[in-house]
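> Here is the input, now give the coordinates:
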Amino acid sequence: MAKRERVVRMSVEQPLWRALTAYRILTMVYASLLAVFGRDEYERPWVAFAYLVVMAAWTLATLPKVAGAVSCTKRFLGADLVLALVGILLTPLADFDAQHMDGSTLPSIWTAGSVLAFAIKGGWRWAAFASTFVAAANIVERGEPSRDTFHNVLLVWVAAIAIGYVVEVARASERTLARALEIEAATRERERLARGIHDSVLQVLAMVQRRGTALGGEAAELGRMAGEQEVALRTLVSSGLVPTTRVSEDAAEGAVVRTVEVDEDDGPAGGAACDLRSLLAPHAGSRVSFAEPGVPVLLAPGAAEELAAAVSAALDNVRVHAGQDAQVWILVEDWPDEVIVTVRDDGPGIAEGRLAQAEGEGRMGVALSIRGRLRDLGGTAELISVPGQGTEVELKVPKVSGTPNDSRGKAGSGR
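Below is the predicted model:
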């Protein structure tokens with residue numbers, strides 16, 4: 001069962017949608033009042049009032065559409081922009097003198113609400129797209145645009161792009177904050193668990209190691225094993241096998257939601273992404289150093305298990321060919337598009353041509369256990385070995401694994 005703790009934080013974007021809603025209502029009222037008090041100036045007042053009735057009905061009916069990013073669809077934005085453009089172009093039909101004077105258009109400043117919706121929804125590029133159409137419509141409507149016309153058009157265009165850019169910056173900052181909260185919560189939980197384990201299991205293992213070494217004989221062997229398990233357990237704790245914290249943006253609510261999950265029943269074979277560190281951490285010991293990122297290294301369960309199996313095969317090769325006393329280092333790197341696991345040892349290295357000779361003799365451990373696994377995952381396995389200076393195996397797996405027939409793998413590693 002998964003235990004969840006939800007902490008909902010208001011998104012920085014949500015107040016913008018609320019402000020846009022208020023702006024559309026206020027500007028609708030303002031445009032209507034302008035038409036009412038200036039009705040004597042219209043040669044065809046019925047055109048103006050017919051448009052304003054449609055605009056008011058549309059504004060009130062679509063208030064839920066500007067409540068958030070999810071409800072504000074592209075189709076709505078397109079229809080809203082068309083309505084604003086129609087109002088601008090209908091102005092000369094209602095008022096013959098509109099083309100010769102810098103008066104207000106039928107929708108007046110309500111048009112800016114349509115452009116602002118584009119800016120909040122899609123950023124500065126969407127804002128530039130919408131404001132360009134509005135600018136063109138205003139210039140066409142004037143017929144003989146004056147300097148004030150160009151000034152107003154440019155002002156709306158620049159302001160819309162600036163607001164769109166600010167929205168993009170706010171979203172990027174919110175994602176950064178969410179990531180920081182995730183790391184902070186995971187670190188606190190890991191420290192809490194580490195304190196509990198240190199006060200119990202680790203102290204017992206350390207005591208067994210000391211007493212076994214002091215007693216000698218078979219007890220010394222038990223002490224050595226206890227010491228290895230102590231190192232492995234410390235690595236396991238530091239690798240983050242604790243309740244994971246995810247901070248995400250709930251688009252429907254416009255909020256940042258922090259969710260802490262403790263998976264008690266789900267294993268790595270489940271459908272969710274698997275933390276590769278949990279599969280590699282048990283290899284750590286007195287002769288195996290394990291270095292990994294401080295946050296989960298997530299892969300599809302199948303890909304994580306196959307990569308872990310390839311690492312196990314590489315470690316088996318080290319034990320067989322470099323001996324039990326060889327020092328081994330496992331390094332995990334989590335890149336945006338791939339995961340890299342490096343297994344390095346300080347053994348005698350591999351003589352040139354030895355791998356090809358082993359395959360020719362029918363020993364397929366390297367080809368099947370390491371190279372074949374990585375090839376099936378769409379990854380690569382590379383070997384760097386200098387006789388007398390150890391061996392390094394670099395395993396690369398893309399975040400989106402390839403098909404079993406993917407042939408992008410390179411000549412493999414292992415011995």
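
> residue ranges of the helices in this protein, please?
Assigned by DSSP state H, the helices in the chain fall at 14-37, 45-61, 74-94, 110-122, 124-142, 147-197, 203-215, 218-238, 276-280, 301-321, 354-360, 365, 373-376.

> Among those helices, show the one with the smallest mean pLDDT.
Mean pLDDT values for the helices of the chain show the minimum at helix 365, a mean of 48.

> related to what we said a few turns ago, ok, which of the helices of the chain comes nearest Val393?
For the helices of the chain, proximity to Val393 was assessed by Cβ to Cβ; helix 301-321 is nearest, at 4.8 Å. (Glycine included, C-beta is placed from N, CA and C.)

> Now do the closest one: distance to the chain's middle.
29 Å (Cα atoms, centre = their mean, to the nearest Å).

> Who is Leu331 paired with across the strands?
Ala291, Thr342 (DSSP bridges).

> Report how many residues lie close to it.
Per other Cβ atoms under 10 Å, the neighbour tally for Leu331 reads 15.

> List the residues that contact it.
The contact partners of Leu331, by Cβ atoms under 8 Å, 6 or more residues apart in numbering, come to 291-292, 341-342, 344.

> Go again with 10 Å.
289-292, 340-344, 392, 394 (Cβ atoms under 10 Å, 6 or more residues apart in numbering).

> How about Asp345?
Residues counted as contacts of Asp345 (Cβ under 10 Å, 6+ apart) are 287-288, 314-315, 317-319, 321-323, 326-329, 385, 390-393.

> Please apply the same query to Thr391.
Taking Cβ under 10 Å, 6+ apart as the test, what Thr391 contacts is 314, 317-318, 321-322, 326, 328, 343-350, 383-385, 413-415.

> Quick check: bridge partners of it?
Beta-bridge partners, per DSSP bridges, of Thr391: Asp345, Ser385.

> Next one: it, what pLDDT does it get?
With respect to pLDDT, Thr391 has a value of 87.

> re earlier: want to throw the contacts of Leu331 into a markdown table with distance to Leu276 and neighbour count?
Conversion of the contacts of Leu331 to a markdown table gives the following (distance: Cβ to Cβ, whole Å; neighbours: other Cβ atoms under 10 Å):
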| residue | distance to Leu276 | neighbour count |
| --- | --- | --- |
| Ser289 | 17 | 16 |
| Phe290 | 11 | 22 |
| Ala291 | 13 | 12 |
| Glu292 | 8 | 23 |
| Ile340 | 11 | 15 |
| Val341 | 8 | 24 |
| Thr342 | 13 | 19 |
| Val343 | 13 | 27 |
| Arg344 | 18 | 19 |
| Glu392 | 19 | 19 |
| Glu394 | 15 | 18 |
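
> Need those residues in JSON lines (columns: distance to Thr176).
Converted to JSON lines, the contacts of Leu331 look like this (distance: Cβ to Cβ, whole Å):
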{"residue": "Ser289", "distance to Thr176": "32"}
{"residue": "Phe290", "distance to Thr176": "29"}
{"residue": "Ala291", "distance to Thr176": "25"}
{"residue": "Glu292", "distance to Thr176": "23"}
{"residue": "Ile340", "distance to Thr176": "24"}
{"residue": "Val341", "distance to Thr176": "27"}
{"residue": "Thr342", "distance to Thr176": "29"}
{"residue": "Val343", "distance to Thr176": "33"}
{"residue": "Arg344", "distance to Thr176": "34"}
{"residue": "Glu392", "distance to Thr176": "35"}
{"residue": "Glu394", "distance to Thr176": "31"}
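
> with those residues in mind, which one is nearest to Ala117?
Looking at the contacts of Leu331 and their distance to Ala117, the nearest is Ile340, at 43.6 Å (Cβ to Cβ).

> Identify the residues contacting the closest residue to the closest one other than its chain neighbours.
Excluding the flanking residues, the one nearest Ile340 by Cβ to Cβ, 6 or more residues apart in numbering is Glu333, at 4.3 Å. Contact analysis of Glu333 by Cβ under 10 Å, 6+ apart lists 291-293, 297, 339-342, 394, 396.

> hey, which of the helices of the chain is tucked in deepest?
Burial of these is given as mean neighbour count (mean count of other Cβ atoms under 10 Å); helix 110-122 ranks first at a mean of 25.

> Report the angle between that helix and helix 45-61.
On the basis of axes from the mean of the first three to the mean of the last three Cα atoms, to 10 degrees, helix 110-122 is oriented at 30 degrees to helix 45-61.

> counting contacts, what elements does helix 110-122 pack onto?
The contact analysis (3 or more Cβ pairs under 10 Å, 6 or more residues apart in numbering; DSSP states H and E) places helix 110-122 against helix 14-37, helix 45-61, helix 74-94, helix 124-142, helix 147-197.

> 8 Å instead, please
Packing contacts for helix 110-122, counted by 3 or more Cβ pairs under 8 Å, 6 or more residues apart in numbering; DSSP states H and E, involve helix 14-37, helix 74-94, helix 124-142, helix 147-197.

> what distance separates it from the middle of the whole chain?
In terms of Cα atoms, centre = their mean, the centre of helix 110-122 is set 26 Å apart from its chain centre.

> same check, this time on stretch 157-172
21 Å.

> what comes into contact with that stretch?
With contact meaning Cβ under 8 Å, 6+ apart, stretch 157-172 is reached by 12-13, 16, 112, 115-116, 118-120, 122-128, 130-132, 134-135.

> how about that stretch as CSV, C-alpha atoms only?
The C-alpha coordinates for stretch 157-172 follow below in CSV (Å, rounded to 0.1, in the frame of the first residue of the first chain):
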residue,chain,number,x,y,z
TRP,A,157,2.3,44.2,-28.9
VAL,A,158,5.3,44.9,-26.6
ALA,A,159,3.2,44.6,-23.4
ALA,A,160,1.7,41.2,-24.5
ILE,A,161,5.1,39.8,-25.4
ALA,A,162,6.6,41.0,-22.1
ILE,A,163,3.7,39.4,-20.1
GLY,A,164,4.2,36.2,-22.0
TYR,A,165,7.9,36.2,-21.2
VAL,A,166,7.2,36.8,-17.5
VAL,A,167,4.8,33.8,-17.5
GLU,A,168,7.5,31.6,-19.0
VAL,A,169,10.0,32.7,-16.4
ALA,A,170,7.5,32.1,-13.6
ARG,A,171,6.8,28.6,-14.8
ALA,A,172,10.5,27.8,-15.0
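
> right, so of the helices of the chain, which gets closest to Gly68?
Gly68 sits nearest to helix 14-37 of all those, at 5.5 Å, using Cβ to Cβ.
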